[in-house]
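Asks: test case, fold it:
(one chain, ligands or ions: 1)
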Amino acid sequence: MCGIVGLFLKDKSLEPQLGAMLSEMLVSLTDRGPDSAGIAIYGASGDGKGKVTVQSPFPDRDFPGLDAELSKQVGEPVKMTVRSTHAVLETGLAKLDAVREAVSELRPDARIMGMGDAIEIYKEVGLPEAVAERFGLAKMGGTHAIGHTRMATESAVTTMGAHPFSTGPDQCLVHNGSLSNHSNIRRELIQKGMKFETENDTEVAAAYVSSKMADGLNLGEALESTLDDLDGFFNFVVGTKNGFGVVRDPISCKPAVMAETDQYVAFGSEYRALANLPGIEGAKVWEPEPSTVYFWEH
Ligand SMILES: NC(=O)CC[C@H](N)C(=O)O
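Replies: You can find the predicted model right below:
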């Protein structure tokens, strides 16, 4: 199993409600994945600022004072927003790498969940309702978001094993299925310099897409190439700074449904995740075809 939801807004007036809508969608699929849950949410970008999301198993020890220490270390103000076990660190784009390196040095137990102009990532072990609640998802706004509730097949049930996986700037990927050639692909990606945090197959798919995009492919081309190189079962839903993409393997045995209106594009593992979206009665609703890439960009 595993449950995936995604919402890519076209209508700006819905942006303040993005988190509330995604939260309801994700909770509706709780029985597809009881192990852990996570979301990637994209906010406004283009103001010259970027964000690093970090997680700590010891937030009470690691987060107090971290903003002041980082500001001093990188020589520019760093604004910190703490949500439970995660903190989002915001600073000028040119200092993002310096912030990431300083976090690893100053707080060795903290883990980098993602970074970029617009992305924030929140994920933990537990049911979607508890995970959404602890991070205050329902109050978050943004342009697009992807959520996942996991029933593990390939690696331990841990925070880092939860989806989404973010392996490149502003990129994230969630997966329903299991890959059969992930060990080989992992070896090839390690040779190209990619680093891995877990033994998870989905992390390999995320890193594969990031590596293709770093080579210059656009989101659609990178997703096309997964059909050539990744074996096994997959529904992938992928986010970039401005984009949202979907691809299913040639057999497509994992469920998927999509809906599009003038206001949004939505993905759900099952229709019940889409049932309460505004205007769903008049939406174009379809099952994405096997071996077919769908993507939208702002
Ligand atoms: N049930 C699934 O779809 C699992 C997805 C992925 N293989 C994981 O273990 O995280």
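Asks: state which helix of the chain is the longest.
Replies: Of all segments of type helix in the chain, defined using DSSP state H, the longest is helix 201-214.
Asks: got the contact list for that helix?
Replies: Outside helix 201-214, the residues that touch it by Cβ atoms under 8 Å, 6 or more residues apart in numbering are 153-155, 163-168, 171-175, 178-179, 182, 185-186, 189, 192, 194, 196-197, 219, 221-223, 225-226, 229-230, 232, 234, 236, 238, 240. For glycine as for every other residue, the C-beta is placed from the backbone atoms N, C-alpha and C.
Asks: one more time with 7 Å, if that's ok
Replies: Contact with helix 201-214 is made by 154, 163, 165, 167-168, 171, 173, 175, 178-179, 182, 185-186, 189, 192, 194, 196-197, 222, 225-226, 229-230, 234, 236, 238, as judged by Cβ atoms under 7 Å, 6 or more residues apart in numbering.
Asks: tell me the mean pLDDT over it?
Replies: Per-residue confidence for helix 201-214 averages out to 98 on the pLDDT scale.
Asks: contact partners for Ala222?
Replies: Ala222 makes contact with Val209, Lys212, Met213 under the criterion Cβ under 7 Å, 6+ apart.
Asks: of these, which is the nearest to the ligand?
Replies: Distance to the ligand across these (Cβ to the nearest ligand atom) is lowest for Val209, with 15.1 Å.
Asks: for the stretch 101-250 of the chain, what spans make up the strands?
Replies: Assigned strands in the stretch 101-250 of the chain, in chain order: 111-116, 119-125, 144-150, 172-179, 232-239, 243-248 (criterion: DSSP state E, counting those that start in this stretch).
Asks: next, format the ones you listed as a markdown table and append mean neighbour count and distance to the ligand.
Replies: Rendered in a markdown table, the data for those read as follows (neighbours: other Cβ atoms under 10 Å; distance: least, Cβ to the nearest ligand atom, whole Å):
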| stretch | mean neighbour count | distance to the ligand |
| --- | --- | --- |
| strand 111-116 | 22 | 16 |
| strand 119-125 | 25 | 11 |
| strand 144-150 | 30 | 5 |
| strand 172-179 | 26 | 4 |
| strand 232-239 | 24 | 8 |
| strand 243-248 | 24 | 13 |
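Asks: turn these into TSV, including mean pLDDT.
Replies: Converted to TSV, the strands of the stretch 101-250 of the chain look like this (pLDDT from 0 to 100):
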stretch	mean pLDDT
strand 111-116	97
strand 119-125	98
strand 144-150	98
strand 172-179	98
strand 232-239	98
strand 243-248	98
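Asks: quick check: which ranges of the chain have low pLDDT?
Replies: For the chain, applying pLDDT under 70 flags no range at all.
Asks: quick check: residues of it near the ligand?
Replies: In this structure, the chain approaches the ligand at residues 1-2, 150-155, 175-178, 200-202, judged by Cβ under 6 Å from any ligand atom.
Asks: apply 5 Å and report the result again.
Replies: Where the chain comes near the ligand, counting by Cβ under 5 Å from any ligand atom, the residues are Cys2, Met151, Ala152, Thr153, Glu154, Asn176, Ser178, Asp201, Thr202.
Asks: filter those residues down to just the buried residues.
Replies: Burial by neighbour count, judged by 16 or more other Cβ atoms under 10 Å, picks out Cys2, Ala152, Thr153, Glu154, Asn176, Ser178, Asp201, Thr202 from these.
Asks: just the closest of those to Pro59, please.
Replies: Lowest distance from Pro59 to those (Cβ to Cβ) belongs to Ala152, with 24.0 Å.
Asks: next up, phi/psi of the nearest residue to the closest one once chain neighbours are set aside, please.
Replies: Leaving out its chain neighbours, the residue that sits closest to Ala152 by Cβ to Cβ, 6 or more residues apart in numbering is Asp35, at 5.2 Å. Asp35 adopts backbone torsions of phi -80, psi -50, taken as degrees, to the nearest 10.
Asks: and Asp35, how close does it get to Glu101?
Replies: Computed with Cβ to Cβ, to the nearest Å, the distance linking Asp35 and Glu101 is 31 Å.
Asks: show me the beta-bridge partners of Gly243.
Replies: On the basis of DSSP bridges, Gly243 is bridged to Glu297.
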